[in-house]
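J.: whatever this is, show me its structure:
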Amino acid sequence: MVQEQGIVPNPLTEQELKKLVLDSINAATYAETLETYHALYGHMDRGIETDDVIHGLEGEWKFERQPQFNRDCWQWKYYIDTETVDGDPITIVIAVDSWRREFTTVTRWRQN
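T.: Here you go, the predicted structure:
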């Protein structure tokens, strides 16, 4: 369902998003509920495992770019600049449902 009207909610700050992400990781079985099929299997050649994503989201990170609002899904998409377990830089893209306090990892890639 596409919501074509309404007031776009403000994006979360880095601090607000970090709290939401940590609360969500602690409340769920991450691998089963918080990654899309694309994130898990769409780019196996990138060599980024679920453990790398969890490590990156639980550790220090910053916005890689400004959040983007998706009107089709009526949610914000955040680009997170962080690192893998081995310390390699990666970007993780998450879609956030602020009302339900949940997020989904959409994709992830290595930074050049």
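J.: what helix or strand is the closest residue in space to residue 70 that isn't next to it in sequence located in?
T.: Leaving aside its sequence neighbours, residue 70 sits nearest to residue 77 (Cβ to Cβ, 6 or more residues apart in numbering; 5.6 Å). Placement of C-beta: from N, CA and C, glycine included. According to DSSP states H and E, residue 77 maps onto strand 75-83.
J.: that strand: how far from the chain's middle?
T.: 5 Å (Cα atoms, centre = their mean, to the nearest Å).
J.: so which elements touch it?
T.: Here strand 75-83 touches helix 50-58, strand 62-63, strand 68-70, strand 89-97, going by 3 or more Cβ pairs under 8 Å, 6 or more residues apart in numbering; DSSP states H and E.
J.: as CSV, the ones you listed with distance to residue 17, mean pLDDT and mean neighbour count would be great.
T.: Shown next, in CSV, are the helices and strands packed on strand 75-83 (distance: least, Cβ to Cβ, whole Å; pLDDT from 0 to 100; neighbours: other Cβ atoms under 10 Å):
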stretch, distance to residue 17, mean pLDDT, mean neighbour count
helix 50-58, 10, 90, 19
strand 62-63, 8, 97, 12
strand 68-70, 14, 95, 12
strand 89-97, 7, 92, 19
